[in-house]
Every structure is written in C-alpha cells, then in structure tokens.
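1. what would the 3D arrangement of this be:
(2 chains, ligands or ions: 1)
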Amino acid sequence: MTGDMLETRLILYRLLAALYHYPMSEETLEALRSLDWQENGGAAEALREAQSALDAPLSAAMLERLNVEMTRLMEGPGVTPAIPYASYHLHGQQLMGPSAQAVRRLYLEWGVAPEQGAIPPDHLSLELGFLSFLAEQTLEDDKREDALRASLVFLREHLLPWLPQFCAALETSAREPFFGALSRLTRQVAAADELWLHESLSGQLIELS
Amino acid sequence: MKTQNSEKQLSRRDFLKLSGVGAASLAALQGLGSGFKPISAAAARAALQDNAKYVYTSCVMCPAECGIKVKVENGVASAIYGNVYGPMNTNGVCGKGASGLQMVYNANRIKYPMIRVGERGESKFKRVSWDEALNYIADKLIALKKKHGAECAIMDAGDVTDRDPYWYLFRAFGSPHVTEHGAICDTPRRHGPKIMFGGKRVEPDVMRPVLVRQPDGSLKNDYSYRTKLIIYAGWNPFTATRINYESRGTVEAKLAGAKIIVIDPALSNTATKADQWIPIRPGTDPDLFAAILRYILENNDDNDPFRRYIDWSFQEYSQGWDEFLAAFRSRWYKKDPLNGLKYFSLEWAAERTGIAADKIAELAHTYGITKPAALVWGMNGIGHHYNGYVASIIGTVLNVITGNMEVPGGAIDTELVKSDKGGKAKGEDFVKREVTRKVNGQDVTGKIEELHMDYYGDWPAAWDDVVGDYPRRFLEGVTLRYGPFRGYKYPIKAFFMRTGNPVITGSNTAHWIEALTAKDGDEYRVELVVYIDTPMLETGLYADVILPEASYLERMALSDIYPSHQVIYLRDFVIDKLHESKTQYDIMIALAQKLHEKGDPDIKPEDFWEKFPTEEDFWNEALKVAPGRAHAGVPLPYPKYPVNYKLIGTPDSLESGKATIDDEKKVVQGEYVTAQWLREHNGVAIWPMSWHRFNNGGVLKTASKKVEFVWDYEVEKDGEKKRQGQYSKYNKLIEAAGETPFAIAKLGWKKYESTFYWFETVWNPYTNPDYAKYKDEYPFQVVCGRVHHAMSGTQLVDWLGRIPTEDLWAPLNDERVVDEIVIGENGPTPSGRKVQLAKGSWCIGVIQMSASDGRKLGLQTGDLVELETPLGHKTRGKVNLVETIRPGVLRVAMGAGGRFSPGLGLTYDFRDVTPNANDLTDPEGHSPIMGMPVYADIIAKVKKL
Ligand code: SF4
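-> Residues are numbered from 1 along each chain as shown, chains lettered A, B, ... in the order given. Predicted structure coming up:
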C-alpha cells in the first residue's frame, strides 16, 4: 500500500499544483473528478465537494465561470482576496522576500528551476509543484528517503507557515463553492501529508529499504 | 518496501487512499508536470552563489526621476540609494524613492493581461494570455481605423517620460493623438516661457554641482550657490518633488545667504523653510505679479542704486518690449469694475490678493533690488487656474527685465537647456504622412498631424502634445475647425491610458466616468479602453483590456527632468521582469506585430522589429540626438568648438576633440551616446554648464532667436513679409477659417492677442464680477495641494501611508477593524489578525481649514463635512483645523481621498471619509488658451454631516 501512497501523493500534489496554475483546464478538472476517495473525513469530503461543485459533463460556461472567479480571487488586476505567495503572508505583504529566496535556493539544491522564471518562486502552484517533484523522486528507491525528508521539511518550513492563512482567505472570499472546497482540500492534504511524513519517517509506518 | 500496521493508521488518519483514477486523467496529470525543469549542476551552483551587484538607474516613484543606485542580491532588488554621480539628486533619495521596493514587489501589482467580462467600472476581469489580449486590441483597432480613421485612437502615455515606444507605435499606426499627463496638468504655468522663449519651465539656478569650464581649460564641479533671492509662488518643491535638486538646492542657497519667500494660501513644506510666507488669496497670482511689474516700472530709477530694478541689457536679446509695455500700461489707467480701483495699483492688488499694499511694495522692491534672484511659479498657484497664462507671462517678463534670466544664481528655463532625447524614436515623421478624408463630400488631403483634435479643433494653441478636454471629446466627438480638414468630424473610439489615472487626477471624476461608460445602444461610445500600468488605479476599472507594464526596475528608458544644463540618465534593467509584465518596448513590438499580421497597412517590419531588434537599439536611437543644444553661454562649454553649433555626442568624445565639425549644418558631431556608454559611466552623461545662454540666440527657440514680448508680428525677409511669433501660426489658422475658438471668443477676443493681455479667472467672487453673487453663500475657495505621494499612484505603498504631510494627510482616521500590520524587520508585516485600528493612528486625506473658520462654523478637527459647489458638485471629508492656511480657503490634496480602487490599502478603506478634489472640479471649466481643467478655481459651502 505504501507504494500506492507514494503515487497518490504524487497525483495529489500534481493535481493541486495544476489547480492553482491559471487557467484551470478541462483536463485538470476532469482528472479531479475522476478521483475516488474511499475514506470518509476532511480531505475526502472536500474532494467530493469540489467534485460536486463541477458540472457533469464539464461545460465551457462552467470553465469560464471558474476562471473568472479564479482571476478575481488570485490573479488580479490589482488586489486579490487570496494572495498565493508565501512572501506576502510571511514578509510584510511584499513579494520576493526571504521566503521566496529560501525556496529558490532549495529548488536549485535539488537541481531544478521553475519553468516560468518570472513567477515568484514561492507561488502556491510552484510550492505544490515542487512537492510533486519531490514525490516523483520518492518513487526511486535510492532517492526516496532524502525526498521524503525534504518533503517534510518543505511542508513545515515553507508551505504550512502560510498555507492556512491563504486557505482561510480563499475560503471566506470564494463565491464559487468550488474554491471553498479547493481551499479545504489543499489544507487537509497538506496537513495530513505532514503527519504521514512525520510518522513514516519516524519509522512507525514504513520501513525504508 | 514493507508496511508496518499501516492500514489501520492510514485509515484513521484519513489519508491517501485514492482509487479509480482513470487512466486518461492519470495520463493528463502526468502530462501536467511539476512546473519545474532540471538544470545542470554548474548552472545551479552559479545561481546559488551570492552575487550582489549594484545597478545605476533612475527612479519613477515620482516624476522627478532621480538617478538611483539599486542593490541586487540573487536577482532581487534589496535596497535603493541615490546616484552620487547625478547632479539632479546627488546621492539623495527621498522617502518615496527609498520605498520603491514596496511598489516593485507589491502583491497588488498588475501581474497578467486581463480582459473585462463585466460592465465597465464593475471590476470584473478575466486573466488572459498576452496573445489573447493583443488579438483583442489589434482586431478592435483595425476595425475602428477602417471605420473612423486612425485619428479615433488616443495614446495617453501618462506622467512618466519614458513613453516614446508608445508614441512611436501610435504615430506609425496613423494617429496624431499621442499625449501625456502634462496635457491635463499645469499647462498655463508653462505658457509664458513657451511664447517668450520657446521654453517651458523656469526654475532657480540651484542644481549643484554643475560642471563648469575653468579659465585654465579644465572642467570642475562648481558647488557654489549664488542665488540671493528665490520667490516661489504657488510652487512647493519640498513636497511635490517634481525636481529633486530644487528642495535641497533651496536649503543650500538659504544657508549660503539667499532669502526665500513663499507665496501660497497654505503654509506648505516649502514655506516652512522660507524667510517669509505670504498667504495670498487663490487665483490672484496674476494680480500680484502685475502689481509688482507696475511697481517696478513706475519706481525704477537707473541712477539710484537702491532703485535700479531693471537691467536694460535684456533689450539686447529681446524684441517687442515697447509694444508689451504700451499694452500693459494702457490697462493701468482703467478701473476695475469690482472695486473701482486702478488696475495693477498697489491698492487694487491689495484688495484682490488680500496682501497689504505696503507688503506688496516691499516684495516688489525686494525682488527688484536683489540680484541674482528667481521668481518661480508652480502648478498649484498658476498651473491650476483659468488665468494662469496671464501670471505665467508676467512672471516671465519680470525675470527677463530684472536681468535674472540665465545669470549665475538667477532663473533658468530648464526646457531650453536640458539634453535633447527621443529623436526619430518619437515617431514624429509618421504624422507628416499624407492622408485623405472626405470632408463635406469632397476628398481632402492633408497631413496626419492636421487631424489633431485640438490643434485643428477647439484649442489651436494647445502645444506639446497637449489635449485639454478629453471627456467632452469622448462624449461629443471631434469637429475640426482649422487647417485643411476644416469641417471634418470624427469620434474618439479608442483610448489607451498608460501610467496615468485621469479618473482621479484629470478633471471632474464623475465626468470622466460618464465619458468612459457612455453607451450608444449596447456598445460603449469609446469602444476600446486599454489601461497599461504597474499599479491598478481607478481608471483601470473602466478598461476593457489591462496590460501589466514592467515596473521601473524592470525596464529601460532615459531621464532628465528639468536640469540646469544637459544631463541625461539611463533607466536600466535592474531585475528581471516579474510575473507576465512587459516593457514599453515589448508592448510596442508585440502590438505592432499583431497589427502587421492582421494586415494593418501602416505598420511595417522595417520600422519596428527589423529596425530595433532589441530594446537597447530603440533607446540608442533616442540617444542619437543628445545633447543636441546650441553651444552657447559663458563660460563656453567647449572653447574649441564654434558658438551656436549644435552639439551631438558623448561628453568624452566632445571633450577629447574626437568630434567633427560640420559648418554647413552647424553641428559638432561626436560619438553618439549609447545605453552602454551610460552604463560604463555610472548611468549618467553630464555636459558642461554655462550661463548667459540667450546671448546671440543661443538656446532660445523663438523664430527671431530673441526673447519675444510680441507673439504675432511681421518681418520682412528678402522683400517678402512674413508673420512670426508663437501665436502667429494659430492666428493664421483662425483668419483662414474665419472662426474664433470658442474659449477665446468667451474672452471677447477674435484671435490670440499679440502682446500683453488680461482676463479674470473663473469661480472667483473676489476678482471676477460674474461670480461676485456667490460670495456669501459659497464662502470658501478650494485649492488642491499635494502630499508626498506621487499624485494618485503610490497610495499602495504602505510606508508612505503612515507619514503625515502638510496638514493634508493627517492621522484623523476613525476607529475601524482592519488587518493588523506590524513593522517587522522586513517592513510592514501583516500579523494575520484583525485589529481595531485606533482612532487617530493612520494618515488619511483631509480638508485643511483655518482654525478661525472652523470656530465660526462650530467645527472641530476630525468632524466630517460635505463641500458643495454652486454647480452641486460634492465631496466629503474630515476637517483639519489649523493655523497653516489662509482663512476662507480650504485645501484638499490631489489623489489623496475618495479613492475607490481596492488595491490601495487603507487609502481605499477610508474612501468614504476622505475628499476627492476632482469631485468638485467644474467639468466645463477649461482654461481658455489650451483647455487645461481649472482644478483650483472652485468655491464651496461647508455642511457638517
Ligand atoms: S524625488 Fe521622486 S524620483 Fe527622486 S527619489 Fe524621490 S520619488 Fe524618486
């Protein structure tokens, strides 16, 4: 099952990174919709809410509505209610502060750089994307432990310090139920993953070969 | 890999048991990628190295555009300092400049192109790609051009001088309407220097150091302040830092013994540093200047060293003085109908200005006798009044006849002596192209520039790309009344606004909104509104397309705001462009490519991407004309070169003699200045200063190459008679058409007066009989002041919100719940908590009122009042009762209140209790010569709310 989980983490982070990367595409939303969570609880509930907030089949009008709402919530112009940069929340409402520098460093240490260089490196989509990159590394035996450890450190030091604040802002200001659900899903996945990583790495859950 | 009792734990933890991920969506998710790409170990190592550097560039936090030095660490700008090599600010950087990173790294910056999806003003947009945005614009522009001609489009490039790429593009597209914020700012102020010198802006000689040729032939920096007296009338350089050196230079000059006098209804920051503050009644600067002129003329005694006011040497480089004098004198025998006193007498001026007669006499005497001196007037006092032209002309005359123009320590027309820039990159050649239009059923051919809505419409004397009354054009369209296309009508259908915010700062706010939202059927009358900027201001709310412009640290340009001699700065790339912003050059090329692809016949590759493959190529073209001024003055900058030849080239090539002398063209040609040359020379090129640059024509730009006191006159050349003078070209148009521009017809004129003229300002019950009836019901005159913000564009910068300014921006907030922000080591930091913002802890725009007026009205500081004009225009705000303003006058800062763009932080939050000066402006109030809105001709009554 752990193997599944490693893949599951990859899928979730890929998906979340894509959902915070404008514009939302039909493929991403279809992928979201095709997921099926067997458990009951926060994340699964949020997933189901997000899914039920989508038309079936996905209409062009729905996609347009979501992208207009996403523009208002996170893209601009000017002030947006939910600002998807770590630095904004942690460093004086300014972008490119120390938290952006720190993640840039980390990316470089892992030998990667964001494909779109002009976007501040601490954009939520990039931080989630980096977690998906690390999740991908965990599929390889020789990189697994390092990547899992790095994921835990990344979550604790870089994403979780601001994610709840961002998600709260997203949830309270969303006019489309989808974004409220997305906010909850994001928060739950990150929190649960932190716990899982912590326990895995403390040797309670998995034995690393 | 083995699991250890993980099933149970995992299900309890409710995590990560997904199933049913369809193969297709799994593939789609794999296809999404992580958003990261691998880079080589070497590249990663290099990027990880701490590579701090410094870049010389220029500021844009206000239009002073100082030279700055920016520290960049790991690609992130981390600190801003002044450029010690630039004389404009000599290492200094003001509070705004220092807080520039809060603009560049502001979370509320416009980051991506947007297209409107709601109604204009609703602020509903959708983020789109550049391609979509440019397609939208290009399709619309091409369709509009087919239907209405390219003249239906306006490119207003706002208040920053680096707009050449936009102007170039729009002129190439075929529109004569390229303009900037100056068009609707303070044109009356510049009028005197314009018609008398061909210049624009008189400033005191206090830019230091200046590079001066020494008797031994060497060049040395001169730090000496020779000014003995500066009179600032309605000009407040200490706050409205349009010219950085002026505030510092004024203090230095004072320390060196100069006397400073400030004439202003309010105790401005400049007045606080003055020896004397004279609180004049608003709108009466021409009265004061005229009384000074009369006093000087009547009391001058060439034989009495204590009354030798006039330096007659001005006659050597001027013409038309006798005509001017006769016209001026002829009025002083007449009586003012309002007070029965003779015009320009001390008593008359005292009655109108509210300054005692003996004080005016003392001021006139002091000004006449103290040399060198500079009389300097500004945008508030003179630039914003209907009759500012009159004051600007008399002020210019005063500086000339007292012998203060162009003497060391005197007054300088900075427009005439700054370096030329732009050249072919301005695209002026494009508007010389011929076009044909159907006028009254006939084909008429003329030049594109002759389609200009103002020069050939209602405002023939609008010069320098000035457009006076926009919203009316948007609503009513254009009728050409002069020139070859007389009778031709066309609508304004496309409006591009770049780095400007006319909804707040360009005349009456409601009128602008009306013009931008007026509809014909379902279609907006102005069919295309494009907003290009870094911050999102109110005008953007009415746009169809929003384009993110690179911030000033992410783009290139040239700067040289009003120096005393030729100096030019490079604005350089400091950091990489953030988000999806593009530079002016990028936008010019990208839109040109789109227009070309879609078949626009006027956009040609050889004029754009083939001619300027890189951004630097464009700016190098703009530098080819630098410094471009006549080689003139004492000490002569380059004794080895002939006098009055035009100088072109880098300071070192001219100095080393690498230049060639073209006697036919009268040009000394050195090596062109380039961006790279500037980079290698601390970002700045400085050529030598000299004085007496009007001698033998020198830098003067009038037809006669003399200072002109007459503006429409005849000369005989080779047996032929020719009309000359600044007004002659307008008058010829008027005579040919047989139609007087409506605004001057209101003055009772048939055409522009050829020498001294006089008219009263509007909405002034104390000087204009037409408004005397309002005196009791509307007892207050409202003028606009400036706060430290760059007009309407920097209110999102947190630090600047905290600093009180001039009793206009004061901690009078009421109690509110807002996001808590604490000052941490990285500046203002939100704590994530909501807090009660205590009363009196944050600065907001307020209404400055004299304490005595407040007492009479039973008001207390902080009371909310409503101001209402006779036209029913209203605004509201809290009064700040102080001793720093003349009774009967209220002052409201431009851009400081009533701000409804949500990205402006607390300025937005307090919009309901802060006043917008332009809520009160008379939308029909356009000053008669050039159409400038009358921002300061306002009367109001006050009601407590
Ligand atoms: S005066 Fe203006 S240009 Fe100069 S540093 Fe201050 S904000 Fe920048």
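2. ok, B:Leu144 - how many residues close by?
-> 18 (other Cβ atoms under 10 Å in any protein chain shown). (Each C-beta comes from the backbone N, C-alpha and C, glycine too.)
3. so it, which state does it fall into?
-> Look at B:Leu144: counting by DSSP: H, G, I helix; E, B strand; the rest coil, its state is helix.
4. which non-adjacent residue is nearest it?
-> Nearest residue to B:Leu144, sequence neighbours excluded (Cβ to Cβ, 6 or more residues apart in numbering or on different chains): B:Lys493, at 4.7 Å.
5. pretty sure the one you found is touching B:Tyr524, no?
-> No. If you go by Cβ atoms under 8 Å, B:Lys493 and B:Tyr524 don't touch, sitting 9.4 Å apart.
6. more neighbours: which of those two?
-> B:Lys493 (25 against 19).
7. check which helix or strand B:Arg833 maps to.
-> Secondary structure from DSSP states H and E places B:Arg833 in strand B:827-837.
8. which neighbours does the helix or strand following that strand have in its sheet, and in what orientation?
-> Counting by DSSP H and E, the element after strand B:827-837 in chain order, helix or strand, is strand B:844-845. According to DSSP bridges, strand B:844-845 forms sheet pairs with strand B:809-810 (antiparallel).
9. and the contacts of the strand it pairs with?
-> With Cβ atoms under 8 Å, 6 or more residues apart in numbering or on different chains as the contact definition, strand B:809-810 has outside contacts at B:787-789, B:803-804, B:843-846, B:880, B:893, B:896.
10. let's see the pLDDT reported for B:Glu820.
-> Note on B:Glu820: pLDDT of 67.
11. the residue in chain B that the ligand sits nearest to: how many residues sit nearby?
-> Residue nearest to the ligand within chain B: B:Gly97 (2.5 Å; Cβ to the nearest ligand atom). B:Gly97: 23 surrounding residues under other Cβ under 10 Å.
12. repeat that for B:Asp607.
-> 18.
13. before we move on, what about the one 4 residues further on?
-> Counted with other Cβ under 10 Å, the neighbours of B:Lys611 add up to 14.
14. next one: the one 4 residues further on
-> B:Glu615 sits with 20 neighbouring residues when counted by other Cβ under 10 Å.
15. surely it touches B:Asp586?
-> Yes. Using Cβ under 8 Å, B:Glu615 is in contact with B:Asp586, at 7.4 Å.
16. count the residues that sit near residue 155.
-> Because you didn't say which chain, this covers chain A. Counted with other Cβ under 10 Å, the neighbours of A:Leu155 add up to 22.
17. please go with chain B instead
-> Count around B:Met155 with other Cβ under 10 Å applied: 26.
18. so which strand or helix has it?
-> With DSSP H and E as the test, B:Met155 turns up in strand B:153-156.
19. report all helices and strands that that strand contacts.
-> Helices and strands touching strand B:153-156, by 3 or more Cβ pairs under 8 Å, 6 or more residues apart in numbering or on different chains; DSSP states H and E, are helix B:130-148, helix B:164-173, strand B:178-179, strand B:494-498.
20. just checking, what packs against the third one?
-> I take that to be strand B:178-179. Counting contacts by 3+ Cβ pairs under 8 Å, 6+ apart, strand B:178-179 packs against strand B:153-156, helix B:164-173.
21. of all those, which one comes closest to B:Gly719?
-> helix B:164-173 (38.0 Å; Cβ to Cβ).
22. related to what we said a few turns ago, the residue of chain B closest to the ligand contacts B:Ile68, doesn't it?
-> Yes. Using Cβ under 8 Å, B:Gly97 is in contact with B:Ile68, at 6.4 Å.
23. what sits in contact with each of these two?
-> B:59, B:80, B:82.
24. among these, name the ones in strands.
-> By the criterion of DSSP state E, membership of the shared contacts of B:Gly97 and B:Ile68 in strands covers B:80, B:82.
25. and which of the shared contacts of B:Gly97 and B:Ile68 is nearest B:Ala940?
-> B:Cys59 (36.0 Å).
26. contacting residues for that closest one?
-> B:65-68, B:80, B:93, B:97, B:100, B:552.
27. what about those, which are in strands?
-> Going by DSSP E, the strands hold B:67-68, B:80 from those.
28. most proximal residue of chain A with respect to the ligand?
-> Closest point on chain A to the ligand, by Cβ to the nearest ligand atom, is A:Gln94, at 18.0 Å.
29. give me every residue that touches the nearest residue to that residue once chain neighbours are set aside.
-> Nearest non-adjacent residue to A:Gln94, counting by Cβ to Cβ, 6+ apart: B:Tyr105, 4.4 Å away. Taking Cβ under 8 Å, 6+ apart as the criterion, B:Tyr105 is in contact with A:87, A:94-97, B:77, B:578.
30. now go through those and say which are in strands.
-> Those of those lying in strands (DSSP E): B:Ala77.
31. ok, back up a step: now do the strand holding B:Met155: everything it contacts.
-> For strand B:153-156, using Cβ under 8 Å, 6+ apart, the contacting residues are B:141, B:144-145, B:166-167, B:169-170, B:173, B:175, B:177-181, B:183, B:467, B:470, B:492-498, B:500, B:502, B:528.
32. buried sites along that strand?
-> For strand B:153-156, a neighbour-count test (16 or more other Cβ atoms under 10 Å in any protein chain shown) marks B:153-156 as buried.
33. low-confidence regions, chain A specifically.
-> The model of chain A has pLDDT under 70 over residues A:1-3, A:38-40, A:203-209.
34. how many neighbours does B:Trp312 have?
-> 12.
35. how far away is the nearest residue to it once chain neighbours are set aside from B:Thr270?
-> Using Cβ to Cβ, 6+ apart and skipping the chain neighbours, the partner closest in space to B:Trp312 is B:Asp302 (7.5 Å). Distance of B:Asp302 to B:Thr270, given as Cβ to Cβ, to the nearest Å: 34 Å.
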